[in-house]
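Novice: Next come a sequence and a model predicted from it.
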Amino acid sequence: MKAVALTPGTTRISMIDIPEPVVTSLDDVKVRVLRVGICGTDREEASGGRALAPQGRPELVIGHEMFGQVVETGKSVTRVKPGDYAVFTVRRGCGECMPCLMNRSDMCLTGKYRERGIWGRDGYQTEYAVDQEQYIVRVPKDLETVGVLTEPLSVAEKAIDESVRIQSARLPEAAATPDWLYGKRCLVAGLGPIGLLAALALRLRGAEVYGTDVVDATSARPQWLGHIGGRYVDGRNVPPDEVERELGQMDMIFEATGVASLEFHLLDALGKNGVYVLTGIPGGDRPLRLDAAELIRRLVLGNQVMIGSVNASRDHFQMAVDDLSHARLRWGDHVAGLISHRRPYTEFQNALARHETDEIKVVLEWPHETKKQVPLTG
């Protein structure tokens, strides 16, 4: 079968032929891949960045934002059946630490985990994939057009879930409300797919959402945000250190830019008892000059929390599926508009190399030909 693979540490990426995987265990699930999203991690890998091939192999099949249809299951599988739409999670545990043994490899303690399509395990940019039942999440049929957004939304779900759990545990008034986020002022920094999906999840929970980026207000991402009730703030007109003056203090800041200087300067906008969650990973190794004493004073005197969040558990994938269902009921086909470009899998080179000006999310489609029945003749 066909697959898109790269040689880690290089920019060599090509279409290759690999054996089609087969169901060999009672808990195996085989999925026909229908579409796979492309994100910054894929583009970093394709440019020679962080990636690791499976042991003993020179190439890594990329792709981790998958969506497909179950074609075969082992005899003990109960979560899905052939014909169901589904997604596989990304990370596989080390098998040593307690979080991984509890199927929470997103909180691995040893760092010896593997990630499909990224680190040590082949990914999903291919025709078929097989994995264990514990890593699969069923997706309702009516989410067929947006199911590929499950993985990036799961990242936002985890970050928001962690923030709410922390706030609910430490704030005296949190127990008096059914949802701490309802009516809270939230700033989303960076309106890429994860930032916009975080805005979607926050709006579903009743939050007042502001989104900041450095693009024109009439462009695709701010327009998508506005349709779900978010307010766009052009970072070129309102720099990070002026957000508080222009908008007031925020109860939560969701950072999805990966720009270190912005990440710290936005702290000025965090209110008393606020929570700041970081999901963007800064690139490069340039030093950052900041007033460490002032930063610590703000965190301590303001009872503020600053946390980092990465990857997601199977439960967060399920939360993503649930929120996509709710979003479809509330905003209809607008949700699918977040997928701005759909390309055939054969256009992987352009999809990985080029970032269109109106791009939000690019998805590669893996069509499967239906075998025609040959009529019998006498």
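Specialist: Thanks, I have the structure now.
Novice: can you pull out the helices in the stretch 101-250 of the chain?
Specialist: Ranges of helices in the stretch 101-250 of the chain, per DSSP state H, counting those that start in this stretch, are 150-170, 193-204, 220-227, 243-247.
Novice: For the next helix or strand after the shortest one, give the mean pLDDT please.
Specialist: Put plainly, it is helix 243-247. Moving toward the C-terminus from helix 243-247, the first helix or strand encountered (DSSP states H and E) is strand 250-255. Mean pLDDT, computed over strand 250-255, is 97.
Novice: Begin at 24, not 1, for the rest of this chat.
Specialist: New numbering, starting at 24: the last item is strand 273-278.
Novice: right, and the helix or strand after strand 273-278?
Specialist: helix 283-288.
Novice: And that next one, what's buried?
Specialist: Using 16 or more other C-beta atoms under 10 Å as the test for burial, helix 283-288 gives 283, 285-288. (C-beta placed from N, C-alpha, C; glycine too.)
Novice: Let me know the angle separating the next helix-or-strand element following it from helix 173-193.
Specialist: Note on helix 283-288: by DSSP H and E, the next helix or strand toward the C-terminus is strand 293-301. On the basis of axes from the mean of the first three to the mean of the last three C-alpha atoms, to 10 degrees, strand 293-301 is oriented at 140 degrees to helix 173-193.
Novice: Mind exporting the C-alpha coordinates of strand 293-301 to CSV?
Specialist: C-alpha atoms of strand 293-301 as CSV (Å, rounded to 0.1, in the frame of the first residue of the first chain):
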residue,chain,number,x,y,z
LEU,A,293,-3.7,37.8,33.4
GLY,A,294,-6.0,38.8,36.2
LYS,A,295,-6.1,38.0,39.9
ASN,A,296,-6.3,34.2,40.6
GLY,A,297,-6.0,33.6,36.8
VAL,A,298,-4.7,30.6,34.9
TYR,A,299,-2.3,30.7,32.0
VAL,A,300,-1.9,27.5,30.0
LEU,A,301,0.8,27.2,27.3
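Novice: Now tell me what touches the next helix or strand after that strand from outside.
Specialist: Later in the chain than strand 293-301, the nearest helix or strand by DSSP H and E is helix 315-324. Applying C-beta atoms under 8 Å, 6 or more residues apart in numbering, the contact partners of helix 315-324 are 287, 290-291, 293, 327, 329.
Novice: Now do helix 315-324: distance to the chain's middle.
Specialist: 31 Å (C-alpha atoms, centre = their mean, to the nearest Å).
Novice: Next SSE downstream of that helix?
Specialist: Following helix 315-324 in sequence order, the next helix or strand is strand 328-331 (DSSP H and E).
Novice: PyMOL command to pick out the buried ones of the contacts of helix 315-324?
Specialist: Of those, the buried ones can be selected in PyMOL as follows, counting by 16+ other C-beta under 10 Å:
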select buried, resi 287+290+293+327+329
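Novice: ok, the contacts of helix 315-324 vs Arg127, which is closest?
Specialist: Of all the contacts of helix 315-324, Arg127 sits closest to Met329, with 21.9 Å by C-beta to C-beta.
Novice: Tell me who's in contact with the closest one.
Specialist: By C-beta under 8 Å, 6+ apart, the neighbours of Met329 are 290, 298-301, 322.
Novice: which among the residues you listed end up buried?
Specialist: By 16+ other C-beta under 10 Å, these give 290, 298-301, 322 as buried.
Novice: Out of those, which is nearest to Trp203?
Specialist: Nearest to Trp203 out of those is Val298 (C-beta to C-beta; 9.6 Å).
Novice: What's the per-residue pLDDT of the closest one here?
Specialist: With respect to pLDDT, Val298 has a value of 97.
Novice: Identify the residue nearest the geometric centre of the chain.
Specialist: Pro175 (1.7 Å; C-alpha atoms, centre = their mean).
Novice: Contacts made by stretch 42-51 with the rest, please.
Specialist: 24, 52-53, 95-100, 150-157.
Novice: Please verify my assumption that Gly249 contacts Ser242.
Specialist: No: with contact defined as C-beta atoms under 8 Å, Gly249 does not count as touching Ser242 (11.1 Å).
Novice: Need the helices of the stretch 124-273 of the chain in TSV (columns: distance to Val358 and mean pLDDT).
Specialist: Formatted as TSV, the helices of the stretch 124-273 of the chain follow (distance: least, C-beta to C-beta, whole Å; pLDDT from 0 to 100):
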stretch	distance to Val358	mean pLDDT
helix 173-193	10	96
helix 216-227	7	98
helix 243-250	9	98
helix 266-270	26	92
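Novice: Kind regards, and thank you for your time.
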